[in-house]
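Student: Fold the following.
(one chain, ligands or ions: 1)
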Amino acid sequence: MVDLQSQYQKIKSGIDVAINNVIEQANFINGPEVGEFRIQLEKYLNISHVIPCANGTDALQIAFMALDLKPGDEVITPSFTYIATTEVIALLGLTPVFVDVLPDTFCIDPSKIEEAITPKTKAIVPVHLYGQCADMDSILEIAKKYKLKVVEDTAQAIGAEYFHKDGTVSKAGTIGDIGCTSFFPSKNLGCYGDGGAIFTNDAFLASSLKKIANHGQVIKYHHEVVGCNSRLDTIQAAILKVKLPLLDSYCAERNKVAEFYNNAFKPVSQITIPYISTYSSHVYHQYTIKLNGVNRQELIDYLSDHGIPSMIYYPLPAHKQGMFKSFGKENQYLPITNQLTECVLSLPIHTEMELDQLEYITKHIIYFINSFA
Ligand SMILES: *Cc1c(COP(=O)(O)O)cnc(C)c1O
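Tutor: Alright, predicted model coming up:
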């Protein structure tokens, strides 16, 4: 699905020097590269505060902790997402309230948010799934009306741009109160281990987020609030410093791959290619098609037999996961989420894809559909 080895080969000299520097200096924890990367990312995102942390799941957890949500408070989120988004909500004793997604963008459907709001609702968590932003203008309007906080899960959409109705442009993750991202190796901006970051323009929230990520302390050994230990390793920051300047070109490479797939699949009536909304660019963390009248498992097996990986993101939506059994949500009415779970398929997409690979993949998919579907 990704080719991190080929990507590394192209940037090997810069990466090796960066890693070696950290080892030579032995500044493994909170070395200067962490602060340098933080400033670099603040500039790239055009945001006042970036707080690096250990991974994307921690980023979300720390965000909810900083918003001072109390057990029993409700958080509105899609069920059609990676489990981390909803897991930390439950971990903190908050109640996830699942809202269905739009069938075309795969992101939370703003028109279904208001009916899910109760006096206990405190926050909305849009997930910019597969690399395209949710409809943030509509979400912000609802949040303002009901005085709710907005935490963006932009683990899959770093680098994507959101086009506001008023003509301004924001980077994904800088639109709500807090943005959370992940630098997991396969993410669009991936390090060589775990990593994550939290973004905000609010100085008060920034100091709170920073404190919570650092054992609840501002002054060493004075722990004001319950926090956690969530740091970005210096080695990972050094790697990210080399890779961030390449992010836009990486996104462009992914867009080229998507364009190839789109052109190949446009004439195929059994395949719905990704939809591009008017309000967001797409950074194609995943290239995800919808199948119609095709046996998905047979296609997956056929591709696998020919050395082509494909994945279902995600085969079981959050509301049907065992971990949420006690919330009694498994029979919740989320028709679009259930339907997408049955028909989505993600294809290989990364920064190093060659034309012959793309031709091989599309040829086999189209051959399977024409022969067996
Ligand atoms: C990857 C991901 C996360 C979690 O990030 P980790 O760094 O793996 O903890 C959260 N949300 C979404 C949507 C993701 O894709």
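
Student: What is the distance between the helix or strand where residue 85 lies and the centre of its chain?
Tutor: Residue 85 is part of helix 83-91, with elements assigned from DSSP states H and E. Relative to its chain's centre, helix 83-91 lies at 14 Å (CA atoms, centre = their mean, to the nearest Å).

Student: Contacts for that helix next, please.
Tutor: By CB atoms under 8 Å, 6 or more residues apart in numbering, the surrounding residues in contact with helix 83-91 are 56-57, 60-61, 64, 75, 77-79, 95-96, 98, 125, 127, 153, 155, 314, 318, 321, 323-324, 327. C-beta coordinates here come from the backbone N, C-alpha and C atoms, glycine included.

Student: so of the residues you listed, which ones are in helices?
Tutor: Using DSSP state H, the subset of these located in helices is 56-57, 60-61, 64.

Student: Adding distance to the ligand and neighbour count, write these out as JSON lines.
Tutor: Below are these laid out as JSON lines (distance: CB to the nearest ligand atom, whole Å; neighbours: other CB atoms under 10 Å):
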{"residue": "56", "distance to the ligand": "2", "neighbour count": "27"}
{"residue": "57", "distance to the ligand": "3", "neighbour count": "23"}
{"residue": "60", "distance to the ligand": "6", "neighbour count": "30"}
{"residue": "61", "distance to the ligand": "9", "neighbour count": "24"}
{"residue": "64", "distance to the ligand": "13", "neighbour count": "24"}
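
Student: residues from this protein in reach of the ligand?
Tutor: With CB under 6 Å from any ligand atom as the criterion, the chain meets the ligand at residues 55-57, 81-82, 84-85, 127, 153, 155-156, 182, 184, 194, 196.

Student: nearest to residue 71, of those residues?
Tutor: For these, the residue nearest residue 71 by CB to CB is residue 85; the value is 18.5 Å.

Student: excluding its backbone neighbours, what's nearest that closest one?
Tutor: Leaving aside its chain neighbours, residue 85 sits nearest to residue 153 (5.0 Å; criterion: CB to CB, 6 or more residues apart in numbering).

Student: Count the neighbours of the one you found for me.
Tutor: Neighbour count of residue 153, defined by other CB atoms under 10 Å: 30.

Student: gap between it and residue 20?
Tutor: Counting by CB to CB, to the nearest Å, the gap from residue 153 to residue 20 is 34 Å.

Student: With residue 272 instead?
Tutor: Counting by CB to CB - residue 272 and residue 20 are separated by 47 Å.

Student: Those two - which one has more neighbours?
Tutor: residue 272 (17 against 12).

Student: So what pairs up with that one in the strands?
Tutor: residue 290 (DSSP bridges).

Student: so it sits right up against residue 294, yeah?
Tutor: No: Residue 272 lies out of contact with residue 294 (CB atoms under 8 Å); the separation is 11.0 Å.

Student: Now for residue 76: which residues touch it?
Tutor: 97, 99, 108, 113, 116-117, 121, 123-125, 148.

Student: are any of those buried, and which?
Tutor: 97, 99, 108, 113, 117, 121, 123-125, 148 (16 or more other CB atoms under 10 Å).

Student: Can I get those in JSON lines including distance to residue 91?
Tutor: Output for the buried ones among the contacts of residue 76, formatted as JSON lines (distance: CB to CB, whole Å):
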{"residue": "97", "distance to residue 91": "16"}
{"residue": "99", "distance to residue 91": "20"}
{"residue": "108", "distance to residue 91": "21"}
{"residue": "113", "distance to residue 91": "23"}
{"residue": "117", "distance to residue 91": "23"}
{"residue": "121", "distance to residue 91": "19"}
{"residue": "123", "distance to residue 91": "15"}
{"residue": "124", "distance to residue 91": "18"}
{"residue": "125", "distance to residue 91": "14"}
{"residue": "148", "distance to residue 91": "20"}
